[in-house]
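*Asks:* just to be clear, the model below is a prediction. Sequence and coordinates:
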Amino acid sequence: MINRIFIANRGEIAVRIIRTARALGIETVIGVSAADGDTLGARLATRSIVLGPAPSKDSYLRGAAVVHAAKQTGCDAIHPGYGFLSENRALATSCAAEGLIFIGPSPDNLASVGDKLTARAHAIDAGVPVVPGGTVDTLADAQTLADRIGVPLLIKAVSGGGGKGMKRVDSIADLPAQLELAMAEAEAAFGDARVYIERLVTVGRHVEVQILSDGETVLHAGERDCSVQRRYQKLLEEAPAPRLPEGLRTDLWDAAVRFARHIGYRSLGTVEFLVDVERGEFYFLEMNARIQVEHPVTEAITGLDLVALQISIAQGEALPMSQANITLTGHAIECRLNAEGIAHDFMPSPGRITQAWFPSLPGLRVDTHVHSGAMISPYYDSMVAKLITWGPSRDVAIERMRTALNVCVLDGITTNAPLHKAIMADARFREGGVDTNYLVGLLPTITGGLA
Amino acid sequence: MTDCWAYLRALRSGLMASQLARRPRGTVVGDFTRSDVDEILHLIDQSNFDELKLELGGMKLELRRHGAAPPVAQPPVPPNSPKATAPIETGAATAMATTAAGGAAVPAPLLGTFWHAPRPGAAPFVAVGDEVHAETIIGIIEVMKLMTSVPAGFAGTVLGIEAPNGELVEFGQPLIRIQPI
């Protein structure tokens, strides 16, 4: 049994993990950077310990320090959250060697999904459709493949994520320059210059399926639509995916379960798909072997505590439910509030929060680490809060989000709240089923009117 | 006041880090430049605090806003009382306690287990009363069997050994205290 969890993360997800740990009677030790010693997570954890200086590479990304600190503070498990070391195979391996429970999948599972090419090969083996494309080592390879697939196409980093090392090519003539950029970015961001090329679906929706697996029973908890993105960064997510043909929806669930079962996955995970709207097909993108930022929308429509289930699976327990027990009720939306100025090309705006107020409203959940007086430091990502609303219908969830955005206060920093308000008021979004181009098209119509 | 200490601790660590980054190792910590002071003033300006006391190497800096009254020393806040298992001791508590004790602290350059001696049973690297140079090794920090030696960083006389042998130290935690020359 897990008695004390080491949290190797920060921000709202650290607070979210502490919430469930407290509910389960589990102690927490959080490893923070020197800049985060006074954050809500550090205050709420049973103990906080400074891993290193502010830059992530010297603190949150130092796996050896994390494992050392976890052992020396008497923890029996490490929760890596999302980002940072959450899908780091070396950390999972080190945990196993040191007798610590890694609250996530096995090193083998991470190897199966950590590399997009390997994951893609597994998808093909599992009979899950993939986007036409393949790996390239040289410009000549790239040109041969690009001629076969056609433009537009995407260059992606093999070890990538979060849009880094990802380049769009609209004309074969642009390929050499974009390939070089993508490889340089991939090398800089992930220490791995390998890239692959695939067909770019011009009208696509990003739909992902939540997987729960104890290694024997593989269940899904419905899908999430994350199509409202900017530069491959998700901004808003909802569950279920609106206006999806029912056959396609159940096919997505089945494909996700099939993939997870094929690789012997054991933990919480998410299988991401690209839904090709014009062709009415879908392709496997990748599997995220961690808790996701947008997990609350799934919790809202299922009533599950995904972090509790993740901990339970990690300590070897069988899932306490069957597929028939997971019912999807109503509709949920999550808005990511980021400290960035949308009128200034989404420039990060760190600073001190002078006033934060998130009152209880019907159907509203707020996941945040900020409070009045909190400092938003410039070292980490700019997300400051997630507003999640639930309603018996999508319309009600949207109305509740509009209310929440009007009522909640987050002063002292510039946030993207005006953008979320504009989306909630937008006819196309309200109709449902927007694709990944939606936000880019919406921005020029609203940023002019926003200070 | 409670978050004041944590803020200062972060500030101090940040300053140390920036000084270490800017200057050759061994000649650091002792002296501020004008731009360091400007940087501190700038940080304090943005904060809610009325007073700052900072000791680094041989330098002592006291800032007070609008003639604020000198503060009463605040004990560090204890962590939430642990529930079931063995009590968790507070690493953070020792970190600030030393600023009042005189001399200048040598902060842990990284998190790990602090060792006073090169191997079990050997004489410690330094003892109270020893004269040290900037390059003098004052201890070892172990992270997952990897040993990093810690130099004093500035010259002086050892006033006290702050971090116990074989215990976990966090980044920035005072290891020993030195009276700078």
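*Replies:* Cool, got the structure.

*Asks:* now chain B, which segments are flagged as low pLDDT?
*Replies:* Counting by pLDDT under 70, chain B has low-confidence residues at B:1-101.

*Asks:* check contacts around the residue lying closest to residue A:72 once chain neighbours are set aside.
*Replies:* Excluding the flanking residues, the one nearest residue A:72 by Cβ to Cβ, 6 or more residues apart in numbering or on different chains is residue B:168, at 3.9 Å. Where C-beta positions appear, they are placed from N, C-alpha and C, glycine not excepted. Residues in contact with residue B:168 (Cβ atoms under 8 Å, 6 or more residues apart in numbering or on different chains) are A:49, A:68, A:69, A:72, A:73, B:91, B:111, B:112, B:113, B:114.

*Asks:* redo those residues as CSV? Include secondary structure, neighbour count and distance to residue A:221.
*Replies:* Listed next are the contacts of residue B:168 as CSV, based on DSSP: H, G, I helix; E, B strand; the rest coil; neighbours: other Cβ atoms under 10 Å in any protein chain shown; distance: Cβ to Cβ, whole Å:
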residue, secondary structure, neighbour count, distance to residue A:221
A:49, strand, 27, 34
A:68, helix, 26, 35
A:69, helix, 28, 33
A:72, helix, 19, 36
A:73, coil, 20, 33
B:91, helix, 23, 39
B:111, coil, 27, 37
B:112, strand, 25, 40
B:113, strand, 20, 42
B:114, strand, 23, 46
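
*Asks:* farthest-separated two in those residues?
*Replies:* For the contacts of residue B:168, the farthest-apart pair by Cβ to Cβ is A:73 and B:114; their separation is 14.5 Å.

*Asks:* if we can go back for a sec, kindly indicate which of the contacts of residue B:168 lies nearest residue A:209.
*Replies:* Top of the list for closeness to residue A:209, among these and by Cβ to Cβ, is residue A:69 at 34.6 Å.

*Asks:* so the closest one touches residue B:111, yeah?
*Replies:* Yes: counting by Cβ atoms under 8 Å, residue A:69 touches residue B:111, with 5.8 Å between them.

*Asks:* overlap in contacts of these two?
*Replies:* Joint contacts of residue A:69 and residue B:111 (Cβ under 8 Å, 6+ apart) are A:31, A:49, A:51, B:168, B:170.

*Asks:* and the last one, how far is that from chain A?
*Replies:* When Cβ to the nearest Cβ, to the nearest Å is applied, the distance between residue B:170 and chain A equals 4 Å.

*Asks:* returning to that earlier point: would you agree the residue nearest to residue A:72 falls within a helix?
*Replies:* No: assignment of residue B:168 by DSSP: H, G, I helix; E, B strand; the rest coil gives strand, placing it outside any helix.

*Asks:* next, count neighbours for residue B:115.
*Replies:* Neighbour count of residue B:115, defined by other Cβ atoms under 10 Å in any protein chain shown: 22.

*Asks:* now the one 5 residues further on
*Replies:* The burial metric for residue B:120, expressed as a neighbour count using other Cβ under 10 Å, is 8.

*Asks:* same check, this time on the one 10 residues further on
*Replies:* Other residues within reach of residue B:130 by the criterion other Cβ under 10 Å amount to 16.

*Asks:* ok, the spatially closest residue to it that is not a sequence neighbour - contacts?
*Replies:* Residue nearest to residue B:130 in three dimensions, not counting chain neighbours: residue B:158, with 4.7 Å by Cβ to Cβ, 6+ apart. By Cβ under 8 Å, 6+ apart, residue B:158 lies in contact with B:126, B:127, B:128, B:129, B:130, B:131, B:132, B:138, B:176, B:177, B:178.

*Asks:* now the buried members of the residues you listed.
*Replies:* Buried by 16 or more other Cβ atoms under 10 Å in any protein chain shown: B:126, B:130, B:132, B:138, B:176, B:177, B:178, out of these.

*Asks:* want to throw those residues into JSON lines with secondary structure?
*Replies:* Formatted as JSON lines, these follow (three-state DSSP):
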{"residue": "B:126", "secondary structure": "coil"}
{"residue": "B:130", "secondary structure": "coil"}
{"residue": "B:132", "secondary structure": "strand"}
{"residue": "B:138", "secondary structure": "strand"}
{"residue": "B:176", "secondary structure": "strand"}
{"residue": "B:177", "secondary structure": "strand"}
{"residue": "B:178", "secondary structure": "strand"}
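
*Asks:* nearest to chain A among the residues you listed?
*Replies:* residue B:176 (18.0 Å; Cβ to the nearest Cβ).

*Asks:* where are the low-confidence patches of the stretch 101-250 of chain A?
*Replies:* A:161-163.

*Asks:* show me where it has its helices.
*Replies:* Secondary structure of the stretch 101-250 of chain A (DSSP state H, counting those that start in this stretch): helices at A:107-114, A:116-125, A:139-149, A:175-190, A:246-262.

*Asks:* most tightly packed of those helices?
*Replies:* Of all the helices of the stretch 101-250 of chain A, helix A:107-114 has the most neighbours on average by mean count of other Cβ atoms under 10 Å in any protein chain shown, namely a mean of 20.

*Asks:* and that helix, how far out from the chain middle?
*Replies:* 17 Å (Cα atoms, centre = their mean, to the nearest Å).

*Asks:* for residue A:137, give its distance to chain B.
*Replies:* Going from residue A:137 to chain B by Cβ to the nearest Cβ gives 34 Å.

*Asks:* residue A:166: neighbour count?
*Replies:* Using other Cβ under 10 Å, residue A:166 is surrounded by 18 other residues.

*Asks:* thinking again about what came up before, for chain B, find the nearest of the helices of the stretch 101-250 of chain A.
*Replies:* Nearest of those to chain B, taken as Cβ to the nearest Cβ: helix A:107-114 at 16.7 Å.

*Asks:* helix, strand, or coil at residue A:273?
*Replies:* Following three-state DSSP, we place residue A:273 in the strand state.

*Asks:* could you find the closest non-adjacent residue to it?
*Replies:* If the residues on either side of it in the chain are set aside, residue A:273 comes closest to residue A:282, at 4.7 Å by Cβ to Cβ, 6+ apart.

*Asks:* would it be right to say that the one you found lies in a helix?
*Replies:* No: checked against three-state DSSP, residue A:282 lies outside a helix; its state is strand.

*Asks:* isn't it right up against residue A:276?
*Replies:* Yes: look at residue A:282 against residue A:276 with Cβ under 8 Å: they come within range, at 6.6 Å.

*Asks:* more neighbours: the two, which one.
*Replies:* Neighbours were counted for residue A:282 and for residue A:276 using other Cβ under 10 Å; residue A:282 has more, 24 against 19.

*Asks:* can you pull out the strands in the stretch 251-400 of chain A?
*Replies:* Ranges of strands within the stretch 251-400 of chain A are A:267-276, A:281-288, A:331-338, A:340-341, A:347-348, A:351-352, A:355-357, A:364-368, A:375-376, A:383-391, based on DSSP state E, counting those that start in this stretch.

*Asks:* so what sits opposite the residue nearest to residue A:72 in the bridge?
*Replies:* Under DSSP bridges, the beta-bridge partners of residue B:168 are residue B:113.

*Asks:* with residue A:228 instead?
*Replies:* Residue A:228 has these beta-bridge partners by DSSP bridges: residue A:236.

*Asks:* ok, which of the helices of the stretch 101-250 of chain A comes nearest residue A:306?
*Replies:* helix A:246-262 (14.8 Å).

*Asks:* any idea how far residue A:189 is from residue A:232?
*Replies:* 13 Å (Cβ to Cβ, to the nearest Å).

*Asks:* circling back: tabulate the contacts of residue B:168 (a markdown table), appending distance to residue A:93.
*Replies:* As requested, those are exported to a markdown table (distance: Cβ to Cβ, whole Å):
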| residue | distance to residue A:93 |
| --- | --- |
| A:49 | 23 |
| A:68 | 15 |
| A:69 | 17 |
| A:72 | 19 |
| A:73 | 21 |
| B:91 | 27 |
| B:111 | 20 |
| B:112 | 20 |
| B:113 | 21 |
| B:114 | 26 |
